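**Student:** Could you work out the structure for the sequence below:
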Amino acid sequence: MSGNDNTIGDGVTGRDVIGDSVIGNGVIGDSVIDGVTGDGGIFDSVESALADIAAGRAVVVVDDEDRENEGDIIFAASKATPELLAFTIRYTSGVICVPMDGADLDRLQIPLMTAQNTERMRTAYTISVDARHGVSTGISAADRAHTIRTLSDPASEPDDLVRPGHIFPLRYREGGVLRRRGHTEAAVDLARLAGLAPAGVLAEVVNDDGTMARLPELQVFAKEHGLKLISIEQLAEYRRRTEPMVTRVVETRLPNRYGMWRAVGFSSAADGGEHVAMILGDVGDGDDVLIRVHSECLTGDVLHSERCDCGTQLDAAMERIAQEGRGIVLYLRGHEGRGIGLLAKLRAYALQDNGSDTVDANLELGLPADAREYSNAAHMLRDLGVRSVRVLTNNPAKLKGLEGYGLDVRGRESMPVVVTEHNRRYLTVKRDRLGHQIEGLA
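**Tutor:** Sure thing, here's the model as predicted:
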């Protein structure tokens, strides 16, 4: 998007004006992109975006190219102004949505638009609203800004709104971008992290011809208007890095043939899952603790499948920790099939029966070769007082995953593999295509 017909001008010289004379006090942006980080300089930092949100400015947020592959103008609902709305209406589809926390929607008695959501992305639209007081037709930028501020005001009551209207609230999914990688969740998370009421405003950026703007068009748009540009994945990573992701729920004794372990159960805010830390002995000051980060595998761990090496690695890890006298096995649920789920893994097995390998089978299903991430593991270890670790694994990605969350990884110990006619190809592909460092595999 370029050219004076596509920017906010001063109306006299035709120069582009992003600052005070048009938008007012820099609420749209500083017209200079700073703090660019990650992805080769494509995106700005989440911290810089949060600073702009807190200051009442807009940002551009993009989702994954395999999802909607779109960019939304987003700002905090409590900071809505006629100028912000006019800018947003001009450069977007004009459909203005207000993502909100479910508790606030319930308080305001704003129900979902339909009980059976068949929309492709399951966007949780509610019935539309306008403010009852202080507006005329409800469609102007000033009227819509007033309605949005009414929605975000914790003192507002159901009778302060009329239904239907020109603003479309959206129901936020608890857990935010950690549970759903949508712009709805990103808008509320950004407002909350900026210290504002948990409600945002969003609309999809469009090109002059009415088509959806994609990268790199969104880069040009953001730079042209002085807006920070971030991705939803960045925001999810920021939350995983800065927020406590797990809660310790229960602790009990759990004896097995390798000794008397303590089983500590955790619940995760990141994925809603339940995970277990098996602790043997006294980890003391948490220094140089031998650990195994084990991905759930029903077929291998429980059903003793020979298509993988998971069950034998779990046993070997417990035996090695017993030899050490102390250590921890983290059993991460939700990692079945390298994170694709049990039934999808069985479908991948069916494809492998017909010639695909373990990587291609996932890809043929439209799923990642490896969808796992290790924030839960890092937060569990931190909760247990562990500071530095040696990791029992053949997968270097686990080391990087833990280091990425601030753990001191002192080293890696290889895990023995039991090669059979049923898992040889699987192990070879893990070594050759996924970078696993498997010793003794011819």
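
**Student:** Please make it C-alpha for all contacts and neighbour counts, starting now.
**Tutor:** Noted.

**Student:** which stretches of the chain form helices?
**Tutor:** Along the chain, counting by DSSP state H, helices occupy 46-54, 82-91, 102-107, 141-152, 183-193, 217-224, 232-242, 310-324, 336-339, 342-353, 358-364, 375-383, 396-403, 424-434.

**Student:** Spit out the contact partners of T126.
**Tutor:** By CA atoms under 8 Å, 6 or more residues apart in numbering, the contact list for T126 reads 110-114, 168-171.

**Student:** how about these in JSON lines, adding distance to I127 and pLDDT?
**Tutor:** Conversion of the contacts of T126 to JSON lines gives the following (distance: CA to CA, whole Å; pLDDT from 0 to 100):
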{"residue": "I110", "distance to I127": "7", "pLDDT": "98"}
{"residue": "P111", "distance to I127": "6", "pLDDT": "96"}
{"residue": "L112", "distance to I127": "6", "pLDDT": "95"}
{"residue": "M113", "distance to I127": "5", "pLDDT": "94"}
{"residue": "T114", "distance to I127": "8", "pLDDT": "89"}
{"residue": "F168", "distance to I127": "7", "pLDDT": "98"}
{"residue": "P169", "distance to I127": "7", "pLDDT": "99"}
{"residue": "L170", "distance to I127": "9", "pLDDT": "98"}
{"residue": "R171", "distance to I127": "11", "pLDDT": "97"}
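
**Student:** on that earlier part again, what would the helices of the chain look like in CSV with distance to A131, mean pLDDT and mean neighbour count?
**Tutor:** Formatted as CSV, the helices of the chain follow (distance: least, CA to CA, whole Å; pLDDT from 0 to 100; neighbours: other CA atoms under 10 Å):
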stretch, distance to A131, mean pLDDT, mean neighbour count
helix 46-54, 23, 99, 22
helix 82-91, 15, 98, 19
helix 102-107, 14, 97, 16
helix 141-152, 5, 99, 24
helix 183-193, 21, 98, 26
helix 217-224, 31, 96, 19
helix 232-242, 30, 92, 18
helix 310-324, 58, 97, 19
helix 336-339, 45, 96, 22
helix 342-353, 47, 97, 16
helix 358-364, 48, 96, 19
helix 375-383, 42, 94, 22
helix 396-403, 47, 92, 18
helix 424-434, 55, 96, 17
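
**Student:** Could you pull out the strands in the stretch 1-150 of the chain for me?
**Tutor:** Applying DSSP state E, counting those that start in this stretch to the stretch 1-150 of the chain gives strands spanning 59-62, 71-76, 97-100, 129-131.

**Student:** In terms of secondary structure, what does the shortest one contact?
**Tutor:** Under the contact criterion of 3 or more CA pairs under 8 Å, 6 or more residues apart in numbering; DSSP states H and E, strand 129-131 touches helix 141-152, strand 161-171.

**Student:** Distance check, V417 against I232.
**Tutor:** Separation of V417 from I232 (CA to CA, to the nearest Å): 38 Å.

**Student:** just F75 next, same as before
**Tutor:** Applying CA to CA to F75 and I232 gives a distance of 14 Å.

**Student:** which residues does the closest residue to L399 other than its chain neighbours bridge with?
**Tutor:** Among residues not flanking L399 along the chain, V409 sits closest, at 6.8 Å (CA to CA, 6 or more residues apart in numbering). Beta-bridge pairing for V409 (DSSP bridges): V389.

**Student:** Likewise for the one 4 residues further on?
**Tutor:** In this entry, E413 is beta-bridged to L392, by DSSP bridges.

**Student:** Also N256?
**Tutor:** Beta-bridge pairing for N256 (DSSP bridges): G259.

**Student:** how near is it to E319?
**Tutor:** N256 sits at a distance of 11 Å from E319 (criterion: CA to CA).

**Student:** got it, and A51?
**Tutor:** For A51 relative to E319 (CA to CA), the value is 50 Å.

**Student:** ok, T247 touching F266?
**Tutor:** Yes. Counting by CA atoms under 8 Å, T247 touches F266, with 5.4 Å between them.

**Student:** still on that earlier bit, can you tell me which of the helices and strands packed on strand 129-131 is nearest to K223?
**Tutor:** Closest to K223 of the helices and strands packed on strand 129-131 is helix 141-152 (CA to CA; 23.9 Å).

**Student:** Does S375 touch E403 like I think?
**Tutor:** No. Proximity of S375 to E403 does not meet the contact threshold set by CA under 8 Å, at 10.1 Å.

**Student:** hmm, back to that, separate out the buried members of the contacts of T126.
**Tutor:** Neighbour-count burial (16 or more other CA atoms under 10 Å) applied to the contacts of T126 gives 110-112, 168-171.
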